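Visitor: show me how the following folds:
(2 chains, ligands or ions: 2)
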Amino acid sequence: MLNALAQLGRVGIGMLERLGRGHLLLLGILRGLPDLLPRPGLLIKQIYSVGVLSILIISVSGLFVGMVLGLQGYYILSQFGAEQTLGVMVAASLVRELGPVVAALLFAGRAGSALTAEIGLMKATEQLSGLEMMAVDPIRRVLTPRFLAGFISMPLLAALFSALGVLGGYFVGVGLLGVDDGAFWAQMQAKIDLHEDVFNGAIKSVVFGLVCTWIALFQGFDAVPTSEGVSRATTRTVVHSSLAVLGLDFILTALMFGD
Amino acid sequence: MVESVDSQVPLVSIRGLRFSRGSRVIFDGVDIDIPRGKITAIMGPSGTGKTTLLKLIGGQLRPSAGTILVDGQDIHRLGNRDLYRLRMRMGMLFQSGALLTDIDVFENVAYPLREHTNLSPSMIRKLVLLKLEAVGLRGARELMPSELSGGMARRVALARAMVLDPMMIMYDEPFTGQDPISMGVLVELIRALNDASRLSSIIVSHDVQETAAIADLIYVISNGKVIESGGPEAMINSELAWTRQFMQGLADGPVPFHYPAAELADDLLGGAC
Ligand SMILES: Nc1ncnc2c1ncn2[C@@H]1O[C@H](COP(=O)(O)OP(=O)(O)O)[C@@H](O)[C@H]1O
Ligand SMILES: [Mg+2]
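Guide: Ligands and ions are numbered 1, 2, ... in the order given. You can find the predicted model right below:
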């Protein structure tokens, strides 16, 4: 009994310690931002590997999710004779929820896991120690550019996801199921609010981008420097990021729309 | 030329060093002096903490007690800025080379120059090519680290460690896993570099023959303590049975061949548990 309690305490302390290290790391990363100004090349390279390389999976998924929304939405709305509002339904669900959330989940799986593996391997192969011994701070040189790249890429990827989703809904709704073309767009224009919908969705994806990139970098930096340690850290990145995104989405939604 | 500290004073001076990982004590009161301009070897079996010692000297790990003076400065009491300034004068060759895998050989060697100097691109090019020439790899400048053999990677890392003209270079197991030719090349290089550039070298290794061939001074460590120190000859013909066993590579001696176990017969016949 007492043993179990001590065990619990140890686990708790371990978790708090990790949390503390995570925040210290974030602080170190943010402190490196001014250092990045004279070296735009570092950032561009990372935006390419974190953002540009995620475009394909985000686009294809966005298209499919939009098409499914078109089918399901049409089925329900047509029962009430409200097919013309299909555009609103598709756009609102994408911009408010599915765009930021699904894009973030995909981002964690594609870019986040890659970041963790890369940093973890750099640690395991002593590249980070090597930088330190060359009097170069690995946090500033290696982590900060990757962090900023994730932070910038995520909202853009979420926007791309939503845009392609709307197109997917359009193909299915207007192209296949015969919803009126003009009504689809006109209703969407009238009902989707810049502040309520688009702006709030953008805030979500900014938060998700920050959290996913932070988790990925921390897991890599904190990984046990062996092949097993790196693979476990990569798994943890995906699990923790997904849970964080879904949990934060609930909180943010409650704050934004729950009046 | 004015020396920052009297050249009689050791370059690195370790006193009463203690360090543990978790409950495991790795160093328990170690005193080591590394003289200037010489090649000093620190030898001991695998897992005694040789790599750890280099990381302590480089200020990457903190001892739980004791001091390490590098060129007269207590490395664990320096602020970040001073620590980084001191590290610019210390080169370290990691066991794996630790080259940055996303840039080519030339850029790896140029990296410290780009970070710490404002030299013009043409000047950087000249310096990098000279250092690569010194390790015989000027022709390999466009290769990526993944295209290098282990020995080549270590030589590139050596060029990188030298590019800021440091006062000392620390080598972590430079000979391990090398074929005889690249081993010979490395032995020659380390000796030549040390003598040509008024460098001080620290070699950490368990490869007795190669290390004894080039070291001026050898420290033998085991179980967290310095067992003995002296010139290579003296170490090989040491009075201490332990040092003799290690230096001559005898299978049995004070360090038993067998991991502690019950009697073999009991183990084979028993099975009663
Ligand atoms: N990051 C680490 N965490 C925990 N223990 C470590 C770590 N690095 C090394 N050790 C342990 O410290 C001891 C000394 O390691 P090391 O300095 O690498 O030995 P050597 O270089 O002499 O082979 C080993 O027993 C090793 O298991
Ligand atoms: Mg080692």
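
Visitor: what packs against whatever helix or strand residue B:183 lives in?
Guide: Secondary-structure assignment from DSSP states H and E places residue B:183 in helix B:180-196. Under the contact definition 3 or more C-beta pairs under 8 Å, 6 or more residues apart in numbering or on different chains; DSSP states H and E, helix B:180-196 sits against strand B:39-43, helix B:150-162, strand B:200-205, helix B:208-214. Just so you know, the C-beta spots here come from the backbone N, C-alpha and C atoms, and that holds for glycine as well.

Visitor: who in chain B is up against chain A?
Guide: By C-beta under 8 Å from any C-beta of the partner chain, the residues of chain B that approach chain A are B:55, B:58, B:60, B:84-85, B:87-88, B:90-92, B:94-96, B:98-101, B:111-112, B:115-116, B:157, B:160.

Visitor: pLDDT below threshold where in the chain?
Guide: If you meant another chain, say so; for now it's chain A. Within chain A, the stretches with pLDDT under 70 are A:259.

Visitor: please refer instead to chain B.
Guide: Residue ranges of chain B with pLDDT under 70: B:1-7, B:256, B:271-273.

Visitor: burial measure for residue B:29, as a count.
Guide: 14 (other C-beta atoms under 10 Å in any protein chain shown).

Visitor: thought it was touching residue B:19?
Guide: No. Judged on C-beta atoms under 8 Å, residue B:29 makes no contact with residue B:19 at a distance of 10.5 Å.

Visitor: returning to what we had before: mind exporting the helix holding residue B:183 as CSV, just the C-alpha atoms?
Guide: Extracted in CSV, the C-alpha atoms of helix B:180-196 (Å, rounded to 0.1, in the frame of the first residue of the first chain):
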residue,chain,number,x,y,z
PRO,B,180,44.6,-1.0,-39.9
ILE,B,181,45.2,1.6,-42.6
SER,B,182,43.0,4.3,-41.3
MET,B,183,44.2,3.5,-37.8
GLY,B,184,47.8,4.2,-39.0
VAL,B,185,46.6,7.4,-40.7
LEU,B,186,44.9,8.6,-37.6
VAL,B,187,47.9,7.8,-35.3
GLU,B,188,50.2,9.8,-37.7
LEU,B,189,47.7,12.7,-37.9
ILE,B,190,47.3,13.1,-34.2
ARG,B,191,51.0,13.1,-33.6
ALA,B,192,51.7,15.4,-36.5
LEU,B,193,49.0,17.9,-35.5
ASN,B,194,50.1,17.9,-32.0
ASP,B,195,53.7,18.7,-32.8
ALA,B,196,53.0,21.2,-35.7
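
Visitor: which positions in that helix come out as buried?
Guide: Buried residues in helix B:180-196, defined by neighbour count with 16 or more other C-beta atoms under 10 Å in any protein chain shown: B:182-183, B:185-187, B:189-190, B:193-194.

Visitor: run the chain-centre distance for it.
Guide: 14 Å (C-alpha atoms, centre = their mean, to the nearest Å).

Visitor: quick check: angle from it to strand B:39-43?
Guide: Here the directions of helix B:180-196 and strand B:39-43 differ by 130 degrees (axes from the mean of the first three to the mean of the last three C-alpha atoms, to 10 degrees).

Visitor: list of residues touching helix B:180-196?
Guide: When contacts are defined by C-beta atoms under 8 Å, 6 or more residues apart in numbering or on different chains, helix B:180-196 is touched by residues B:37-39, B:134-136, B:149-152, B:154-155, B:158, B:162, B:169, B:171, B:174-175, B:178, B:199-201, B:203, B:210, B:213-214.

Visitor: just the buried ones from those?
Guide: For those, a burial check counting by 16+ other C-beta under 10 Å picks out B:38-39, B:134-135, B:151-152, B:154-155, B:158, B:162, B:169, B:171, B:174-175, B:178, B:199-201, B:203, B:210, B:214.

Visitor: how far away is the closest residue to residue B:76 other than its chain neighbours from residue A:134?
Guide: Excluding the flanking residues, the one nearest residue B:76 by C-beta to C-beta, 6 or more residues apart in numbering or on different chains is residue B:62, at 5.6 Å. Distance of residue B:62 to residue A:134, computed by C-beta to C-beta, to the nearest Å: 20 Å.

Visitor: same question, residue A:68
Guide: 51 Å.

Visitor: same check, this time on residue A:148
Guide: Separation of residue A:148 from residue A:134 (C-beta to C-beta): 22 Å.

Visitor: one more: residue B:146?
Guide: Relative to residue A:134, residue B:146 is positioned 20 Å away (C-beta to C-beta).

Visitor: comparing those two, which residue is more hemmed in?
Guide: Higher neighbour count among residue B:146 and residue A:134: residue A:134, with 25 against 9, using other C-beta under 10 Å.

Visitor: torsion angles phi and psi at the residue in the stretch 51-200 of chain A that chain B sits nearest to?
Guide: Of all residues in the stretch 51-200 of chain A, the one sitting closest to chain B is residue A:130 (3.4 Å; C-beta to the nearest C-beta). Backbone torsions for residue A:130, taken as degrees, to the nearest 10, come to phi -60, psi -40.

Visitor: report how many residues lie close to it.
Guide: Per other C-beta under 10 Å, the neighbour tally for residue A:130 reads 25.

Visitor: skipping adjacent residues, who's closest to it in space?
Guide: Among residues not flanking residue A:130 along the chain, residue B:98 sits closest, at 3.4 Å (C-beta to C-beta, 6+ apart).

Visitor: using the three-state scheme, assign the one you found.
Guide: Judged by DSSP: H, G, I helix; E, B strand; the rest coil, the three-state class of residue B:98 is coil.

Visitor: equivalent analysis for residue A:228, please.
Guide: Here residue A:228 takes the helix state, with states given by three-state DSSP.

Visitor: re the thing from before, joint contacts of residue B:29 and residue B:19?
Guide: Counting by C-beta under 8 Å, 6+ apart, residue B:29 and residue B:19 have no common neighbour.

Visitor: can you tell me the SS state at residue B:136?
Guide: Residue B:136 is classified as coil under three-state DSSP.

Visitor: now it, what are its backbone angles?
Guide: According to degrees, to the nearest 10, residue B:136 has phi 80, psi 20.

Visitor: my guess is it meets residue B:155, correct?
Guide: Yes. Here residue B:136 lies in contact with residue B:155, judged by C-beta under 8 Å, at a distance of 6.8 Å.

Visitor: what angle do the one helix or strand residue B:220 maps to and strand B:200-205 make?
Guide: Per DSSP H and E, residue B:220 falls inside strand B:217-222. Interaxial angle, strand B:217-222 versus strand B:200-205 (the same axes, to 10 degrees): 40 degrees.

Visitor: any idea which helix or strand comes after strand B:217-222?
Guide: Using DSSP H and E, the helix or strand that follows strand B:217-222 in sequence is strand B:225-230.

Visitor: which other helices and strands does the helix or strand following that next one contact?
Guide: The helix or strand immediately downstream of strand B:225-230 is helix B:232-236, counting by DSSP H and E. If contacts are counted by 3+ C-beta pairs under 8 Å, 6+ apart, helix B:232-236 sits against helix B:208-214, strand B:217-222, helix B:241-248.

Visitor: run a quick neighbour tally on residue A:142.
Guide: Residue A:142: 26 surrounding residues under other C-beta under 10 Å.

Visitor: and for residue B:107?
Guide: Look at residue B:107: counted by other C-beta under 10 Å, it has 16 neighbours.

Visitor: on the three-state scheme, it is what?
Guide: Secondary structure assignment for residue B:107 (three-state DSSP): helix.

Visitor: the residue nearest the centre of chain A: which element?
Guide: Nearest to the geometric centre of chain A sits residue A:104, at 2.6 Å (C-alpha atoms, centre = their mean). Here residue A:104 sits within helix A:99-107, counting by DSSP H and E.

Visitor: what comes up buried for that helix?
Guide: A:99-107.

Visitor: my guess is the residue nearest to residue B:76 contacts residue B:75. True?
Guide: No. Residue B:62 is beyond contact range of residue B:75, at 9.7 Å (criterion: C-beta under 8 Å).
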